[in-house]
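Visitor: I need the structure of the sequence given here:
(4 chains)
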Amino acid sequence: MRLQERFDARIDAGDFIEAKDWMPEHYRKTLLRQISQHAHSEIVGMLPEGNWITRAPTLKRKAILLAKVQDEGGHGLYLYAAAETLGSSRDQMLDALHTGKAKYSSIFNYPTLTWADIGTIGWLVDGAAIMNQVPICRCSYAPYARAMIRICREESFHQRQGYGSLLTMMQHGTPEQKAMVQDAVDRWWWPSIMMFGPPDDQSPNSAQSMRWGIKRVSNDELRQKFVDAAVEQAKVLGVTLPDPELKWNDERQAHDFGAIDWSEFWRVIGGDGPCNRERLGARVKAWEDGAWVREAALAHAGKHQTMKEAA
Amino acid sequence: MRLQERFDARIDAGDFIEAKDWMPEHYRKTLLRQISQHAHSEIVGMLPEGNWITRAPTLKRKAILLAKVQDEGGHGLYLYAAAETLGSSRDQMLDALHTGKAKYSSIFNYPTLTWADIGTIGWLVDGAAIMNQVPICRCSYAPYARAMIRICREESFHQRQGYGSLLTMMQHGTPEQKAMVQDAVDRWWWPSIMMFGPPDDQSPNSAQSMRWGIKRVSNDELRQKFVDAAVEQAKVLGVTLPDPELKWNDERQAHDFGAIDWSEFWRVIGGDGPCNRERLGARVKAWEDGAWVREAALAHAGKHQTMKEAA
Amino acid sequence: MTAASIALNLTPATQYLLRIGDTCLILGQRLGEWCGHAPILEEDIAMANIALDFIGQARALLAHAGTLEGAGHDEDQLAFLRNERDYFNLTLVELPRGDFAASVLRNTMVATWLKLLWQRLAADSQDDEVRAIAAKALKEARYHQQHSADWVVRLGDGTAESRRRMEEALSDLWRFSAEMFDTDAVDEAAAAQGIGPRWSELEAPWRAEMTDILREATLEVPADSAFRSDGKRGRHSEHMGFILADMQYLQRAYPGGVW
Amino acid sequence: MTAASIALNLTPATQYLLRIGDTCLILGQRLGEWCGHAPILEEDIAMANIALDFIGQARALLAHAGTLEGAGHDEDQLAFLRNERDYFNLTLVELPRGDFAASVLRNTMVATWLKLLWQRLAADSQDDEVRAIAAKALKEARYHQQHSADWVVRLGDGTAESRRRMEEALSDLWRFSAEMFDTDAVDEAAAAQGIGPRWSELEAPWRAEMTDILREATLEVPADSAFRSDGKRGRHSEHMGFILADMQYLQRAYPGGVW
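Guide: Residues are numbered from 1 along each chain as shown, chains lettered A, B, ... in the order given. Next comes the predicted model:
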């Protein structure tokens, strides 16, 4: 009880918790779930973007895209490392992903159908991710907060690059390219604003996470902030956001927007989205196809070790 | 000895030998080797052409190509059936192909690099095949002769279609298309005239096959006939044949042509041609990947048979 | 013909026909991949033969859709020069060919659906050309259904391995069948104009025939899922772009070419 | 930029540089396919990283070749709008990525070759730009060689399975190395002009380094074969057309686009 009280006091004081510190089991589990889910999202998120590497339209864009997926792999690494400080191995976490016990961000269950999807993911999906993640840079668990600081810096770079690629097409491209951008925005808008999760009144775990300083800002508040920013960015781009009810509310000093189709959200989370099977299938296949490589690396390291010891 | 004499007399009289007739073991083996090799050529030959089905430039050309490879599969079927009359099963023949004991026409070890290769194969490769095969329609072994009559009819149709597709490009196409045709002709010309086999003085088995009425016309004679015909066809097309020494010899009333690079011929026959590994690898993979299908079909037929017997 | 994509001037009638024609086109494209790679020579031939029928059906439907569209687009412009969002095939046919189990199951699902559709079009369409196309295609679809369903039965009721693969194929593919039957304004308009039936009307007979086939194959009809694909409205899977990259390559790279 | 292919105005110098630049370009293209599919996350990252280096090297070389060509072609026109016969990469890099053994072996073969080539170019080229490109690329090639060779050693001297796969990869790929070293007029002219070495001069050191790596991996150096590939003279394998269909798709389908 002493430990619990001291922990609560530290949280209340805004202190950071380190891996070696005592923490309540529920706090540890909540963080482990959240961080590993975030790590899985980074590596599953490589798939929809990777889909366009071989088809990127210029060498510069190909290089930018390769650098971006490489960064995402790196984010996965930091996050798995942060989660490992909570007592789970990367292999255990991957096993949970492959067997469907762990989730990843549902946004990656949507397909990338055109090149403009790549820019749109940068603008809207990375944009929403940053909104979600910036508050986590002040998360009470220090290893997670540290990883997030680095990740957020790279994510904003990606977001600017994605937006920039759309801007190039909208400002200098052909009518067909502009139509491609508008089409991508039409498809990604609603899934993007669903990324903030269910409305606050239907988000049962939020209160505890807020109390523990894992979560700092509510879903609806973040969503509103995102919508307000996106409206201005869409204007500069010259695209229409696919929501006829989207308009400025002078009283609230914020944008009103249409009703979100939460049934779609739950359908995709539940496994019946457009690409759930493909994404998980690709990850499981990569893991299974690579088993012999991992085994060989271990075997080689073992032999090497034996030789060293014998020497 | 009686049987042998009677057999020789029938051959001399120009009679056809049927499957049930007595025949010398060497005659049977020679035919079996030749027919199965011919059957293998048909099915391996589906691969270079199949390579362009998904990329055919118009729906009409796609349909023509599909019909052609379907015919080639059909030729394979007749020929395996004709060979089976000589006492070998299709599975035994395929095993000989897959283990490298049986050959197929070396021409299919060259790659199809452009769409014009498809027309050029029709014109030159099918053209050479027809030259080779028409005499076999009078082969002393009746089941083979009957198969060849049907095959030759379809092959000439393919040859005309191939030539026609080149003619369309040369007469109505863009300069880029014409260059594509010329390039294809440059690559296929020499391999095509190698299809008639080594020069007569280096073709040790030819005499016996001639004696037996399996072979009716010599390699060099067929090759000359092919070159003479092709020169005229090339003129109509408007392409250059890649042989600076190719010219009409008024005395011989035939075209002289340059020296064939037999070292390339033997290299490709020997397994080191551009696509030998790919072709055989694709056939072996298809066979191995399909094992479970063949096993299931047998198992199902077995159950069905049992049920019928029980009823 | 230039390399830039054509813009479609769509009416419900043309879109209705393109949904069918594109389904034939893309399935023909996928089946062509089997050439030289089938488990037995007879199936190399059958797959090429079925692909050839599909390409023939696609040609007839695309040409007719082009005529109805009235913008002067011929079958090849429609086949090779549209943007992905202007192809209206069922998503099912654009999935990778998979193993032989997946291919024969897909062929059975599509052939059964097409057979029912061609029957209705041959009998009831107010468009003479559509009736003529359907009458010819119906005979082909009957053979496709028979041939493919025979394999579904053999593999479902064959070995443990073939059964496992058929079950996996069912689990992967069945969920795409919902797209065959959901209805929308295109369907309603085509029905109102007498072009052809609402596709929802095909669902009950399709389920009945498929259930019979699966029963004979000793396989279970999968449960319905909430998954929805949307290729017929131009929202495809990630596979479609790669199909088009190959299929359109020559037309795109040799603008103005005559083939 | 229009969709039709560009015609090259080739000199030995530009062709010499395109042989190197295209080799980097196509290997970068192939390595990009590993994204999200590697055996461990560290290798997803490494493959993307190596691909990125290759694309960077290709950009520098293609841009410089375009300048030397003097026809106003920029890196993207050269990368995306040539006909297949005008790409001059080694055939080795266009082969399908295969399994991880094939990929790391190919990377080792190419990186070792490029390292030796960059060394010579950085030290001896009379072309300032080529020297500068080579100096930067040399550092990258050293890392690529080290990283890939480490895997060749681990897999060759790992398990029975990994050894079998490495042997298979050697048997498949080694025969393509002859193309790295055979010499022709392009080579001779480039050497005469002081652009870079005859590639035949790289053969002995390449074999020495590869032999060391294979020895450490407990693998045998395969015997020479009579097989010859010819991608560097524009005669490619059947794989090349499919690579270009994907790679060029957007440039072909959206003529005049700005990206």
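Visitor: which parts of the stretch 1-150 of chain A sit against chain C?
Guide: Contact residues, the stretch 1-150 of chain A versus chain C (C-beta under 8 Å from any C-beta of the partner chain): A:Pro48, A:Asn51, A:Arg55, A:Pro111, A:Thr112, A:Leu113, A:Thr114. C-betas here are computed from N, CA, C, even on glycine.
Visitor: Just the helices from the stretch 101-250 of chain A, written as ranges.
Guide: Using DSSP state H, counting those that start in this stretch, the helices assigned to the stretch 101-250 of chain A run over residues A:115-120, A:126-133, A:142-172, A:175-194, A:206-211, A:219-237.
Visitor: who wins for proximity to chain D among those?
Guide: Proximity to chain D (C-beta to the nearest C-beta) singles out helix A:142-172 among the helices of the stretch 101-250 of chain A, at 4.0 Å.
Visitor: Can you name every helix or strand that that closest one contacts?
Guide: helix A:59-84, helix A:115-120, helix A:126-133, helix A:175-194, helix A:219-237 (3 or more C-beta pairs under 8 Å, 6 or more residues apart in numbering or on different chains; DSSP states H and E).
Visitor: out of the ones you listed, deepest packed?
Guide: Stretch with highest mean neighbour count among those: helix A:115-120 (a mean of 27; mean count of other C-beta atoms under 10 Å in any protein chain shown).
Visitor: my read: A:Phe196 touches A:Ala128, true?
Guide: Yes: at 6.8 Å, A:Phe196 counts as touching A:Ala128 under the criterion of C-beta atoms under 8 Å.
Visitor: list the residues that contact both of these two?
Guide: By C-beta atoms under 8 Å, 6 or more residues apart in numbering or on different chains, A:Phe196 and A:Ala128 have these common neighbours: A:Phe226.
Visitor: got the contact list for the lowest-mean-pLDDT helix or strand in chain A?
Guide: Among the helices and strands of chain A, helix A:206-211 carries the lowest confidence by mean pLDDT, DSSP states H and E, at a mean of 85. Helix A:206-211 is contacted from outside by A:Ile11, A:His26, A:Thr30, A:Gln34, A:Asp200, A:Lys215, A:Arg216, A:Ser218, A:Asn219, using C-beta under 8 Å, 6+ apart.
Visitor: With stretch A:155-170 instead?
Guide: Contacts of stretch A:155-170 (C-beta under 8 Å, 6+ apart): A:61, A:64, A:68, A:71, A:116, A:118-123, A:126-127, A:129-130, A:133, A:177-178, A:180-181, A:233, A:236-239, D:257-259.
Visitor: could I get that stretch in PDB with only the CA atoms?
Guide: Once non-C-alpha atoms are left out, stretch A:155-170 reads as follows in PDB (Å, rounded to 0.1, in the frame of the first residue of the first chain):
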ATOM      1  CA  GLU A 155       6.600  12.300 -37.900                       C
ATOM      2  CA  SER A 156       6.200  16.000 -38.400                       C
ATOM      3  CA  PHE A 157       8.900  15.800 -41.100                       C
ATOM      4  CA  HIS A 158       6.900  13.100 -42.800                       C
ATOM      5  CA  GLN A 159       3.700  15.000 -42.500                       C
ATOM      6  CA  ARG A 160       5.200  18.100 -44.100                       C
ATOM      7  CA  GLN A 161       6.600  15.900 -46.900                       C
ATOM      8  CA  GLY A 162       3.300  14.300 -47.600                       C
ATOM      9  CA  TYR A 163       1.400  17.600 -47.600                       C
ATOM     10  CA  GLY A 164       4.100  19.000 -49.900                       C
ATOM     11  CA  SER A 165       3.700  16.200 -52.400                       C
ATOM     12  CA  LEU A 166       0.000  16.900 -52.500                       C
ATOM     13  CA  LEU A 167       0.600  20.600 -52.900                       C
ATOM     14  CA  THR A 168       2.900  20.000 -55.800                       C
ATOM     15  CA  MET A 169       0.200  18.000 -57.600                       C
ATOM     16  CA  MET A 170      -2.500  20.500 -56.800                       C
END
